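**Student:** Below are the sequence and a predicted model; questions follow.
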Amino acid sequence: MVIFVTGAAGFIGYHVSKALLARGEQILGVDNLNPYYDPGLKQARIAALEEEFGNAFTFLRADFADSAELASVVEGVDFERLVHLGAQVGVRYGLVNPASYVRSNGVGHLNILELARHRELKHLVYASSSSVYGSNTSLPFRVEDRTDRPISLYAATKKADELMSESYSSLFRLPMTGLRFFTVYGPWGRPDMAVWLFTKAILSGEPLDLFNGGAMRRDFTYIDDVVAGVLACLDSPPVDDQQEKPGGSVSPHAVYNIGNHRSEELMELIGILEENLGRKANTKVLPMQPGDVMDTFADISAIRNDHGFEPKTSIREGVPRFTQWYKRYHELD
């Protein structure tokens, strides 16, 4: 049976689709290929899936925030599970184009919930974000922590997604799992993320922007570990047993952190990049950016206990894999 994946041309969506296809699933992938970052990279991801998996992967360009378009792409398609990874991403872009977050992460998420409701899906897995923890200073971040003080519009919309999901799960007994991703990186990554931006700056000799002077820490999570967590959750929907789930719901709705369970110094990441690229960074010290947080660190005990999730990849292993891919993709070897 088909699995429906939104955001299939995105970074995580591409890798999740690839892993599902590799184990024999049929995938219907949608993405609107918006220009937030280079649509050519998104199209290259889709082309790679089509070349490797042929007719097992069907891609349709569509905007799930448009209810008519969404209805059109799923018409006549039989599926029971949906992995909703499409979203307007990024923290700082919310200062430039706030309406895009409300449309994609608000209206779009509601459209997906309505689809799940009317199709009576067996499981909806959706992307949340570590950004929902805001300026929380209690580390590591636990799914039980308060998440009602977002410091970016992106975080506010992702928290809204969790709340809407909870209401639909409660009203319609829909099995759902929300995943709070922590700074995902790896091959085919996003050009707006630190590992890509730093690699590009070091190779080009351009200034590498160090916000807050580089005095920040992140829970960098390698894409293969993220995919393993997504698939484990997808295969085990929450049970409607009135028992409390991670995140606090007594409906069939669970919320998990997916992180590496390590908080790494940003300067450590830069040092590893310099070693692997054979060049020194030309750093430019800048103040803290609005919407950014000082430190992220995932408590993964809930997903470890429920799904056996155990991240395997340190940044010393994962960063070289990314830089090798980056140079191949840009034909720099």
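**Tutor:** Sure, I can see it. Numbers count the residues shown, from 1 in each chain.
**Student:** show me the residues around Ala68 that make contact.
**Tutor:** By CB atoms under 8 Å, 6 or more residues apart in numbering, the contact list for Ala68 is empty. Where you see a C-beta, it was placed from the backbone N, CA and C, and this is true even at glycine.
**Student:** I'd like to know how far it sits from Leu124.
**Tutor:** Per CB to CB, to the nearest Å, Ala68 is found 21 Å from Leu124.
**Student:** got the residue ranges for the strands in the stretch 51-200 of the chain?
**Tutor:** For the stretch 51-200 of the chain, the strands defined by DSSP state E, counting those that start in this stretch occupy 57-61, 79-84, 123-129, 176-181, 184-185.
**Student:** Tally up the residues packed near the nearest residue to Lys158 once chain neighbours are set aside, please.
**Tutor:** Distances taken as CB to CB, 6 or more residues apart in numbering put Ser129 closest to Lys158, at 4.5 Å, once the chain neighbours are dropped. Residues near Ser129, counting by other CB atoms under 10 Å, number 25.
**Student:** Give me the longest helix you can find in this protein.
**Tutor:** helix 153-172 (DSSP state H).
**Student:** Who are the packing partners of that one?
**Tutor:** Using 3 or more CB pairs under 8 Å, 6 or more residues apart in numbering; DSSP states H and E, the elements in contact with helix 153-172 are helix 98-101, helix 108-119, strand 123-129, strand 176-181, strand 253-258.
**Student:** go again using 6 Å as the cut-off
**Tutor:** Applying 3 or more CB pairs under 6 Å, 6 or more residues apart in numbering; DSSP states H and E, we find helix 153-172 packed against helix 98-101, helix 108-119, strand 123-129, strand 176-181.
**Student:** Now the third one: average pLDDT?
**Tutor:** Within the predicted structure, the mean pLDDT of strand 123-129 is 98.
**Student:** So what touches that strand?
**Tutor:** For strand 123-129, contacts defined as CB atoms under 6 Å, 6 or more residues apart in numbering pick out 81-85, 116, 158, 162, 175-181, 233-234, 237.
**Student:** Would you format the strands of the stretch 51-200 of the chain as CSV with distance to Tyr154 included?
**Tutor:** As requested, the strands of the stretch 51-200 of the chain are exported to CSV (distance: least, CB to CB, whole Å):
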stretch, distance to Tyr154
strand 57-61, 24
strand 79-84, 16
strand 123-129, 7
strand 176-181, 12
strand 184-185, 15
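**Student:** Asp225 is nearest to which of those strands?
**Tutor:** With CB to CB, the closest approach to Asp225 among the strands of the stretch 51-200 of the chain belongs to strand 184-185: 8.9 Å.
**Student:** what's the helix or strand encompassing Lys284 in contact with?
**Tutor:** Using DSSP states H and E, the element containing Lys284 is strand 282-286. Strand 282-286 is contacted from outside by 207-211, 213, using CB under 6 Å, 6+ apart.
**Student:** By neighbours, which of those residues wins?
**Tutor:** Ranking the contacts of strand 282-286 using other CB under 10 Å puts Leu208 first, with 21 neighbours.
**Student:** Now tell me which helix or strand of this protein has the poorest mean pLDDT.
**Tutor:** Least confident helix or strand of the chain, by mean pLDDT, DSSP states H and E, is strand 282-286 with a mean of 82.
**Student:** Could I get the buried residue list for that strand?
**Tutor:** Neighbour counts over strand 282-286 (16 or more other CB atoms under 10 Å) mark Thr283 as buried.
**Student:** pLDDT (mean, whole number) over the next helix or strand after that strand?
**Tutor:** Proceeding C-terminally, strand 282-286 gives way to helix 301-307 as the next helix or strand, assigned by DSSP H and E. The average pLDDT within helix 301-307 is 98.
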